[in-house]
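*Asks:* I need the structure of the sequence given here:
(3 chains)
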Amino acid sequence: MLINCPYCGPRDLSEFSYQGDGNRTRPDPASTNQAEWNAYVYDRTNIAGDHNEIWQHAGGCRAHLRVTRNTLTHKIISVGFARDERHKKPHGHRRSGAHS
Amino acid sequence: MSPRRSQTGGRVDRMRTIRFTFDGRPFTGHAGDTLASALLANGVTLFGRSFKYHRPRGVLTAGIDEPNALVTVLHGDVREPNIPATMLEIYDGLTVVSQNRFPTLAFDVGAANQLGGKLLGAGFYYKTFMGPVFGPLKGTRFWMFCEYFIRRAAGLGRAGIAKDPSRYERMNAFCDVLVVGSGPAGLMAAKAAADSGARVILAELEPKFGGAANWSGETIDGMAAAEWASTMVRDLKARDNVRLLPRTTVWGYYDDNAMAALERVTDHKSAPGKGEPRHRHWTIRAGSVVLATGAFERPLVFPGNDRPGVMLASAAERYANEFGILPGQKVALFVNNDAAYRAASTLRKAGAEIAAIVDVRGEISAAAQEIADEGGGELLRGHAVVATEGGKHISGIKVQKFDLANGALSGEARHLDADCLLVSGGWSPVIHLASQAGLKPEWNEALQAFLPPKPTQNWVGAGAFNGRFTTAEALTEGLAAGLSAAGSTGGTDSVPEVEAPALDPHPAPVFEIRAKGKAFVDFQHDVTADDVRLAYKEGFVSVEHLKRYTTLGMATDQGKTSNVPGIAIMADALGKPIPDVGTTRFRPPFAPVSLGALAAERYGEVKPERLTPMHDWHVENGAIMYTAGLWYRPMIYGLAGETVEQAYVREAKTTREAAGIVDVSTLGKIAVQGPDAADFLDRVYTNMFSTLAVGKARYGLMLREDGIALDDGTTWRLGNDDFLMTTTTANAGKVMQHLEYLLDVVWPELKVRLTSVTDQWAGAAIGGPRAREILASCVTGTAVDNDTLPFMGIVHGEIAGAPVMICRLSFSGEMAFEVYSGAGHGVHVWEALIEAGKPFGMVPYGLEALGTMRIEKGHVTGAEIDGRTTARDLGLDWMLSKKKPFVGSMMMDREGLADEDRVRLVGVIALDNRPLNGGAHIVEEANESEPRNSIGHITAVCYSPMLGKYIGLALVKGGKKRHGTRAFVSDPLRKRFGPVEIVSNHFFDPEGKRMHG
Amino acid sequence: MVDQLSPLGPVWRPGSHGNFAAGVGVVLSETQPGSIVQVAAWPGEEKSLMAVIRTVAGLALPDGAGGGVFTEEKAAFGFAPGKFLVVDQAEGLFATLSAAITSEVGTVTDLSHGRTAICVAGPKAEWVLAKFFAIDFSLVAFPAGAGRSTVHHDIFAQIQRTGASQFDLYVFRSFARAVWTALCHASEEVGYEVQ
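*Replies:* Purely as a prediction, here's the structure:
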């Protein structure tokens, strides 16, 4: 699998490390809503299809990337810097866990 | 009668003789020979014994599809089993032994298994050895009894246990077009792509490029096909944009056109050149791929079809035209298609007598008829071979009339003399790579073959791979594929003319002749047609189940010759058309890959080592080094005659009494820089850093988002916007990644930069009652007294002319200082410190003494911050700021994590004065033989010179509540049981008087 | 002033090695620059930072990811968004860059001791490096001057092409000996010279 790093260009999967579901949003640091924190730490979407993921180009420029990847085909639909795309609407739907 | 080398013909170099041995017997061959061709030239036709029945086996093919002629190559004690003799190029000194025979290949006692054939049918193992035990001869216990004998009797080559000294390596390559296979289609594609300017790699698994052109005997562009191929290869070789990879098997098709290939660099040489690897594993990232992998000829399934002397028609053609070998003097053919007639013609021209052509078809093409007419020998249309005769070599065949419509045999069985039987059951395109990168293969009724699936990746096929079996079609398709792969709309290349007999590639739909006797489908795993039918009768209807039950296609050849006949026989049993039964998906690897090539540079001496600047000094000064992750660190600096324990006790004791110095360069160091650095540290540490003054350091604790402790260390404020964070050695990478994620994904608005500066600094920690005097004697440019350098203060100065940064902090509990210098000055500064310490009796100490002193002090490290413990568990709740939120602050107080009964950090003292072990359990009951109800475990142990006892740190339920109580250490694996006292983890100087001076 | 000690120690063996009978495939050397400095611009400040590098070091960085430039004495290249490595054979570059780059523009980090610079040059340089790194070393994909960040197992490397068949590798100092040993090992088949 290749990921097209916006800085380094297409690189082998082995240079990247998966940093988790890209659909979660960290609560405000001052938030004391336990359910919100639980959801952030533990709830993950698990989509069979186009998934919004965070990858770090750990073996390259070390930037975190927001990658839309099809989990069935490994086809990568889009890649951008995570820091640029933070305020864009997340792709896919969040689903809360059983506790919230 | 036996095979022999003809006086002329072929492309072996008869002037060059090569000597090798097979089963200890010396043989000679010529340059260009494979082991198979060289042995055939010597009249050898018995190559091995079969997997289950120990039947004599010869050579069926001339290539990578060979199921029978597997051998073991010996390099001294190193054994390389299961190498097809057809792929093994001979060289001087080659030593080969045959497999699965005892005591010798010709006289094999295991051949008695043939008599018990019924017993060893499909599912034998499942039926005999699984399930409950009824009586003595059933079930798993019986398996345990029989296993040794069965493993000896059944199987392929034996793996060696000697260390393989060969060298393997990996290689990365990029190209616009990768062409797999160099037959006429592949050569044409490579040239067309190269002509349009593409960067091209052409991979060929054989030593010689050209594929079928090397033995077809056809004419291309007015030249012999082999000559045409050589011309093409010379042209390609001369180009800068083409890389030719001979002896290279492309074995895996991975996502985004990443192709895995194995190059056998020196397997054909007596000795590798200096530095040459044996195998090179290529990862080729190709813009597009041309699959020109050709087709495998299929054998027919009939009784006795495995007898040595039975060979594929195309293989015989290849032996004759490429190696100058006649596989027999009196040759019979048994075919269901036209293509094999060319083999008859070839062998007749090379001097063999054609005994008969037995064709299941009633009607054959005019071209085939013409060859049959000119060839002599009988043409038996509408006939089939029902048996082969002979012992370890074929001496004749039996034929009967055959009805193509229903497969019925009729009439008297007729005997014909023959010392070689060529078979052809049609052709299967080599679609393995396409199957890895495509949908389901498609059955073609006319060609009786699975054709390539629709691609899911960027490849295009050409030639026989596509079921286009004539050379003219291969050239046309190769040209088109090359252009299309290179993204070119048209080129100047034209398709060369081909002269070849107009043989009809469509076979009759006949896979099996049902007559009495063992008819093999999978030669390598000894699976017969009856086994397939038995599987059907027992309810296995899916091809996948069939495969697993009978092991059809699961041998080292992965069913290259057997998959399609196996499916056809299953389809027949089911009464379904072949496409409804389906094919199995091909998975990587296409052919066996050496494990050495996969491990490559990770193997042996060249795995990366991480060394501190002072590494050589440690080694030269008697340190025993051990690994901590990739790092090498001194364990002890032992004196003559000292045990490890004596050494670390001496080092720790001397440090506490005078002074000691330890290399701390491995600590993770991260530069945290920028106007928001202090704010950022407040967010990631549990305690406050924005209040830290410039020139001071503070101990900090980080949690994970889930509230579990992540790492600890000191962070130094070097400037207002400039911090130097230290982490534990083990967690440096993890902490870096954690912080980078937060900055990049969670708080991109913060202006903070992180840089790994672990390697920028050499660190030496010097501690003990004399440490300050030692520093004072060698540091210039700054004072080191209590006012200038208070606890957690930082000063800058010089030691022996090198700039240093000194922070007064302590891990040992002594008055201690960490001296940081540029890594390139590390040894210089270290040696100056050692020199300065001499008058004060200072010793260098290793990790054991470091661990001892930290255990005495009750400090935590990675053994306690183990990914399960919280700050409270570790007694670090005093570090949890209540004034600000921080990573983990909302999660750390969850019910389960705040539970008083969780395991908490304590100290333990061995009351029986015997050593403790890390990982040992703590139990409450004095029951050595049946320990139960573990209340925790020991994380770190040492002999404490200060206490004169064996002590340890432990995580124990209830923690503090148990201080002063007794329990037992239980470590059954290491046979250690004994009483301990649970105490505070602060064993020594709990008030910290020593480090504050 | 105290000289920096090379991290290569006993594995640095000058002379020709391996299969060099038919010519040397690569020349390996440690270039020992006096200054290796990382500079990083805050988002939007990249141009100002590049202007400072031009003024202070006389190196005009081209625009674009991984762009770089080099002279006999100095070199600079981008290796990550907003981040550049600036190298000088002379010491003192960290101080001059620190003085010139304000905290509004970015940060300056001294890596003069923390990174080891290894030069791989010669007709087989691409071949040898391709054994380690999964990046395309061909001149079309990796032009002279350009920089790349990549990794070989645990070993990070920043690589600048400093000629048609010459590359400078910047690796963590603690790994330098392992990298050097591995480079020598991989170069044996093509013959190599250590300078």
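
*Asks:* give the contact list for the nearest residue to B:R902 once chain neighbours are set aside.
*Replies:* Nearest residue to B:R902, sequence neighbours excluded (C-beta to C-beta, 6 or more residues apart in numbering or on different chains): B:D873, at 5.7 Å. From N, CA and C alone the C-beta is placed, and that goes for glycine too. For B:D873, the contacting residues are B:709, B:902-905, B:955, B:959, by C-beta atoms under 8 Å, 6 or more residues apart in numbering or on different chains.

*Asks:* Show me the strands in chain A, by range?
*Replies:* A:2-5, A:9-12, A:17-21, A:50-56, A:64-70, A:76-81 (DSSP state E).

*Asks:* ok, which residues in the stretch 701-850 of chain B are in contact with chain A?
*Replies:* Proximity of the stretch 701-850 of chain B to chain A, by C-beta under 8 Å from any C-beta of the partner chain, involves residues B:705-706, B:737, B:740-741, B:744-746, B:748.

*Asks:* ok, B:D785 - contacts?
*Replies:* Each residue near B:D785 by C-beta under 8 Å, 6+ apart is listed here: B:772, B:776.

*Asks:* before we move on, the earlier item: may I see the strands of chain A organised as JSON lines, with mean pLDDT added?
*Replies:* Listed next are the strands of chain A as JSON lines, based on pLDDT from 0 to 100:
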{"stretch": "strand A:2-5", "mean pLDDT": "95"}
{"stretch": "strand A:9-12", "mean pLDDT": "95"}
{"stretch": "strand A:17-21", "mean pLDDT": "95"}
{"stretch": "strand A:50-56", "mean pLDDT": "96"}
{"stretch": "strand A:64-70", "mean pLDDT": "96"}
{"stretch": "strand A:76-81", "mean pLDDT": "96"}
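
*Asks:* Quick one: closest of those strands to B:A623.
*Replies:* The closest of the strands of chain A to B:A623 is strand A:17-21. By C-beta to C-beta, the value is 34.2 Å.

*Asks:* Do the closest one and chain B come into contact?
*Replies:* Yes: counting by C-beta under 8 Å from any C-beta, chain B has neighbours in strand A:17-21: A:17, A:19.

*Asks:* who's in contact with that strand?
*Replies:* Applying C-beta under 8 Å, 6+ apart, the external contacts of strand A:17-21 come out as A:44-45, A:51-56, A:58, A:64, B:737, B:741, B:745.

*Asks:* What distance do you get for the residue nearest to B:R902 to chain C?
*Replies:* From B:D873 across to chain C, the span is 31 Å (C-beta to the nearest C-beta, to the nearest Å).

*Asks:* B:E169 now?
*Replies:* Taken as C-beta to the nearest C-beta, the span from B:E169 to chain C is 6 Å.

*Asks:* cool, A:L65 as well?
*Replies:* 11 Å.

*Asks:* What values do phi and psi take at B:C942?
*Replies:* Torsion angles at B:C942 (phi, psi; degrees, to the nearest 10) stand at phi -170, psi 170.

*Asks:* Excluding covalently adjacent residues, which one is nearest to the one residue in the stretch 501-650 of chain B that gets nearest to chain C?
*Replies:* Proximity of the stretch 501-650 of chain B to chain C (C-beta to the nearest C-beta) peaks at B:P608, 4.1 Å away. The shortest distance from B:P608 to any non-neighbouring residue, by C-beta to C-beta, 6+ apart, is to C:A178 (4.1 Å).

*Asks:* what does B:L94 give?
*Replies:* Of all residues not flanking B:L94 in the chain, B:F20 sits nearest, at 3.8 Å (C-beta to C-beta, 6+ apart).

*Asks:* most remote residue from the chain's center?
*Replies:* You didn't pick a chain, so chain A it is. Ranked by distance from the centre of chain A (C-alpha atoms, centre = their mean), the top residue is A:T32, with 24.3 Å.

*Asks:* The chain in question should be chain C.
*Replies:* Quick read of chain C (C-alpha atoms, centre = their mean): farthest out is C:A21, 29.2 Å.

*Asks:* Secondary structure element for B:G411, which one?
*Replies:* strand B:409-417 (DSSP states H and E).

*Asks:* and if you look at B:M625?
*Replies:* Element membership for B:M625, per DSSP H and E: strand B:623-628.

*Asks:* Same check on B:H738?
*Replies:* For B:H738, the element it lies in under DSSP H and E is helix B:732-741.

*Asks:* quick check: angle from that helix to strand A:17-21?
*Replies:* For helix B:732-741 against strand A:17-21, the angle by axes from the mean of the first three to the mean of the last three C-alpha atoms, to 10 degrees is 50 degrees.

*Asks:* Next, give phi and psi for the closest residue to B:V180 other than its chain neighbours.
*Replies:* Excluding the flanking residues, the one nearest B:V180 by C-beta to C-beta, 6+ apart is B:V250, at 4.7 Å. Note on B:V250: backbone dihedrals following degrees, to the nearest 10 are phi -80, psi 110.

*Asks:* what sits opposite B:V250 in the beta ladder?
*Replies:* B:V250 has these beta-bridge partners by DSSP bridges: B:A261.

*Asks:* Surely it is in contact with B:E263?
*Replies:* No: assessed by C-beta atoms under 8 Å, B:V250 is found out of contact with B:E263, at 10.1 Å.

*Asks:* who's more crowded, the two?
*Replies:* Ranked by neighbour count (other C-beta atoms under 10 Å in any protein chain shown), B:V250 and B:E263 place B:V250 first, with 30 against 22.

*Asks:* of the contacts of strand A:17-21, buried ones?
*Replies:* By neighbour count, with 16 or more other C-beta atoms under 10 Å in any protein chain shown, these hold A:45, A:51-56, A:58, A:64, B:737, B:741, B:745 as buried.

*Asks:* Can you mark which positions in the biggest strand by length in chain C are buried?
*Replies:* When chain C is parsed with DSSP E, its longest strand is strand C:155-163. Residues C:155-162 are the ones in strand C:155-163 that count as buried (16+ other C-beta under 10 Å).

*Asks:* Just send the residues you listed back as JSON lines, with distance to chain A too.
*Replies:* Below are those laid out as JSON lines (distance: C-beta to the nearest C-beta, whole Å):
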{"residue": "C:I155", "distance to chain A": "9"}
{"residue": "C:F156", "distance to chain A": "7"}
{"residue": "C:A157", "distance to chain A": "9"}
{"residue": "C:Q158", "distance to chain A": "10"}
{"residue": "C:I159", "distance to chain A": "11"}
{"residue": "C:Q160", "distance to chain A": "14"}
{"residue": "C:R161", "distance to chain A": "15"}
{"residue": "C:T162", "distance to chain A": "19"}
